[in-house]
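> A structural model of the following input is requested.
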Amino acid sequence: MSDTDSVTGTFFTGERAATRLPFGLPRLGIGTAPLGGLFTEVSEDEAARTLRAAGDAGIRYFDTAPRYGHGLAEARLGRLLGPAGVSEPLISTKTGWLLRPRPDGSPGEVVPDWSERGIRASVESSLARLGRSHIDILYLHDPDDFPDEVRRTAYPAVRRLREEGLVRAIGFGMNHSAPMAAHVAEFETDVVLIAGRFTLLDHEALDALLPLCARTGTAVVVGGVFNTGLLADPSPSAMFNYRPVPGRALARARRCHELCAAHGVPLTAAAVQFPALHPAVTSVVLGCRSAAEVTANAAAARFPVPGELWRSLADEGFVPRELVP
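A predicted model of the protein is given here:
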């Protein structure tokens, strides 16, 4: 039994595509944007309880970024992972943006900087906040509007950091799959993090990105599987892709919930496990702001999902038919 089998149960039972990663990546991870205060603040005590719950569940992969709470999420990982009992954590963080505090030390603006000097300054600051000597995965963070800068300076810089051993693997973390696929096609990429584009409600990543990653050996981490909450709570007050939910998306989410309920499966279980149907997907990261959310998400990851449900979901377009087990 691997260190993640106790967390994932039947999660990721299919054959995975071979990847360029120099290490195994846990199948389930925690996204730390909520610990940086996304939407609502999280206290230091609650952040500590959240990470303790992750350790208790056997979760050891944590995704973060300097932009999450202006460095707060990274700093909390650095302070709290050890006391939380998480052994040998794997951490991915991101670069391409610099934090500029105000003169009084309070959070200020975040500015793009894709120069080698800016990339190195960002990584050095992340290492200091995380209290680590290296970063396991470094993603170029949302470079959608900066293709020339990525080509000229940013990608060569992160590749040199990998050669120097400060970074073990490099890639891209983005919310849109088409520009990410273009980067994977052009650059030697170990791993990508695609958020919100491979869910029960959105199959955009299947068009080009996932087949390309399978061919190139690029590991795929999927985030945003609840589409900012709608697939966790399909109600009019839910968020959908960081905005108030439109009527059609709400109706689709509610229909998905009905199909899952007819098979005795929580909607969250199908949402968490759906990305693993594609062999290029190595891991899923779930944003958690409380110990209860960690426990619930770990349970969703191991909840048995029958093939009959996947077929029912495919019949109504929630699951690509070619991925039905």
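
> the closest residue to residue 170 other than its chain neighbours is in what secondary structure piece?
Nearest non-adjacent residue to residue 170, counting by C-beta to C-beta, 6 or more residues apart in numbering: residue 158, 4.6 Å away. Just so you know, the C-beta spots here come from the backbone N, C-alpha and C atoms, and that holds for glycine as well. Assigned by DSSP states H and E, residue 158 falls within helix 155-164.

> what of residue 98?
Short version, using DSSP H and E: residue 98 is in strand 97-100.

> just checking: what are the partner strands of that strand?
Sheet pairing here is set by DSSP bridges, and for strand 97-100 it gives strand 109-112 (antiparallel).

> what's around the residue nearest to residue 170, how many residues?
Neighbour count for residue 158, taken as other C-beta atoms under 10 Å: 28.

> same check, this time on residue 172
28.

> and the strand or helix carrying it, what does it pack onto?
In this assignment (DSSP H and E), residue 172 forms part of strand 167-174. In terms of contacts (3 or more C-beta pairs under 8 Å, 6 or more residues apart in numbering; DSSP states H and E), strand 167-174 is packed against strand 135-141, helix 155-164, helix 177-186, strand 191-195.

> return the most buried member of the ones you listed.
strand 191-195 (a mean of 27; mean count of other C-beta atoms under 10 Å).

> so what pLDDT did residue 102 get?
Residue 102 is assigned a pLDDT of 82 by the prediction.

> distance of it from residue 73?
Using C-beta to C-beta, to the nearest Å, one gets 19 Å for the distance from residue 102 to residue 73.

> also residue 111?
On the measure of C-beta to C-beta, residue 111 and residue 73 end up 19 Å apart.

> more crowded one of those two?
residue 73 (29 against 10).

> ok, the more buried one - contacts?
32-33, 35-36, 64-65 (C-beta atoms under 8 Å, 6 or more residues apart in numbering).

> the closest residue to it other than its chain neighbours: how many residues sit nearby?
Counting by C-beta to C-beta, 6+ apart, residue 73 lies nearest to residue 36, which is 3.5 Å off, once chain neighbours are set aside. Neighbour count of residue 36, defined by other C-beta under 10 Å: 23.

> my read: residue 203 touches residue 322, true?
No. With contact defined as C-beta atoms under 8 Å, residue 203 does not count as touching residue 322 (11.0 Å).

> with neighbour numbers in mind, choose between the two.
Neighbours were counted for residue 203 and for residue 322 using other C-beta under 10 Å; residue 203 has more, 19 against 9.

> which residues are in contact with the closest residue in space to the more buried one that isn't next to it in sequence?
Spatial nearest neighbour of residue 203, chain neighbours left out: residue 320 (6.0 Å); criterion: C-beta to C-beta, 6+ apart. Residue 320 makes contact with 203, 206, 314, according to C-beta under 8 Å, 6+ apart.

> ok, the second one to residue 213 distance?
Going back to what we said before, that points to residue 206. From residue 206 over to residue 213 (counting by C-beta to C-beta), the distance is 11 Å.

> of these two, who's got more company?
Legend: neighbour count by other C-beta under 10 Å for residue 206 and residue 213, higher for residue 213 (29 against 17).

> for the closest residue in space to the more buried one that isn't next to it in sequence, what are its contacts?
Among residues not flanking residue 213 along the chain, residue 280 sits closest, at 4.5 Å (C-beta to C-beta, 6+ apart). Contacts for residue 280 (C-beta under 8 Å, 6+ apart) come out as 17, 210-211, 213-214, 218-220.

> now do residue 141
65, 67, 94-97, 173.

> from these, which is closest to residue 80?
Residue 80 has its nearest neighbour among the contacts of residue 141 in residue 65, at 16.8 Å by C-beta to C-beta.

> nearest spatial neighbour of that closest one, skipping sequence neighbours?
Using C-beta to C-beta, 6+ apart, the closest residue to residue 65 is residue 94 (4.0 Å).

> name the residues that touch the helix or strand harbouring residue 295?
Assigned by DSSP H and E, residue 295 belongs to helix 291-302. Residues from elsewhere that reach helix 291-302 (C-beta under 8 Å, 6+ apart): 7-11, 27-28, 30, 46, 49-50, 52-54, 57, 59, 266, 268-269, 271-273, 284, 286, 288.

> for stretch 125-140, same thing?
Contacts to stretch 125-140, defined as C-beta under 8 Å, 6+ apart, come from residues 23, 64-66, 71, 74-75, 77-79, 90-96, 99, 114, 123, 150, 154-155, 158, 161-162, 165-173, 183, 190-193.

> buried subset of those?
Among those, those classed as buried by 16 or more other C-beta atoms under 10 Å are 64-66, 71, 74-75, 77-79, 90-96, 99, 114, 123, 150, 154-155, 158, 161-162, 166-173, 183, 190-193.

> re earlier: farthest pair in the contacts of residue 141?
Farthest-apart pair in the contacts of residue 141 is 97 and 173; separation 11.3 Å (C-beta to C-beta).

> which residue, other than its chain neighbours, is closest to the most centrally placed residue in the chain?
For the chain, the residue sitting closest to the mean C-alpha position, by C-alpha atoms, centre = their mean, is residue 223 at 3.5 Å. What sits nearest to residue 223 in space, not counting adjacent residues and going by C-beta to C-beta, 6+ apart, is residue 195, at 4.0 Å.
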